[in-house]
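Trainee: below are the sequence and a predicted model for it; my questions follow.
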Amino acid sequence: MTKKVIKPPKAAPALGPYNHAIRTGDLLFCAGQIPIDPEHPQAPFPEDIKGQTERVLENIRIILKDQQLGFEHVVKSTVFMTSLSEFAAMNEVYARYFTSDFPARSTVQVAGLPRGAKVEIEVVATFAQ
């Protein structure tokens, strides 16, 4: 199987030696996204978990859209949070993006995330329908 590197021109810049996504076969593996505003990458993040989750999911939307996919194509997501006490608020925003036929999901609390983010989300999407 071949590996295709995905670097959407409208996406926020990567913070290290990784790509936004990799396509192999019918699967798209998206790197974890934090709440970087693509138009203002050095701007501070929203302070609240809802604002950060919204920005993260919009960043994921940019990657999916670049590949002619949507949230309905996501089969697995992993949510990393610095505080699970904010799970309900994150989940409220998440539920606006994933509205039916939900993907499998894992949520884990971590000690820290890049640039002091409160949330990072990575997804795997499928091109097969």
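Mentor: Cool, the structure landed.

Trainee: for V93, helix, strand, or coil?
Mentor: For V93, the assignment made with DSSP: H, G, I helix; E, B strand; the rest coil gives helix.

Trainee: hmm, it is touching R55, no?
Mentor: No - in this structure V93 lies outside contact range of R55 using Cβ atoms under 8 Å: 9.8 Å. (Each C-beta comes from the backbone N, C-alpha and C, glycine too.)

Trainee: and these two? Which one has more around it.
Mentor: Remark: of V93 and R55, R55 carries more neighbours, 22 against 18, as counted by other Cβ atoms under 10 Å.

Trainee: could you check how many residues crowd around the residue nearest to the more buried one when sequence neighbours are not counted?
Mentor: Taking Cβ to Cβ, 6 or more residues apart in numbering, and ignoring the residues beside it in sequence, R55 has P35 as its nearest neighbour in space, at 3.7 Å. P35: 26 surrounding residues under other Cβ under 10 Å.

Trainee: from Q129, how far out is P35?
Mentor: 30 Å (Cβ to Cβ, to the nearest Å).

Trainee: please enumerate the strands of this structure.
Mentor: All strands of the chain, identified by DSSP state E, fall at 3-6, 21-24, 27-30, 74-81, 104-109, 119-126.

Trainee: TSV for those, including distance to F87 and mean pLDDT?
Mentor: What follows is the strands of the chain, written out as TSV (distance: least, Cβ to Cβ, whole Å; pLDDT from 0 to 100):
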stretch	distance to F87	mean pLDDT
strand 3-6	29	97
strand 21-24	26	98
strand 27-30	21	98
strand 74-81	7	98
strand 104-109	7	98
strand 119-126	10	98
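
Trainee: since that was my last question, I'll sign off now.
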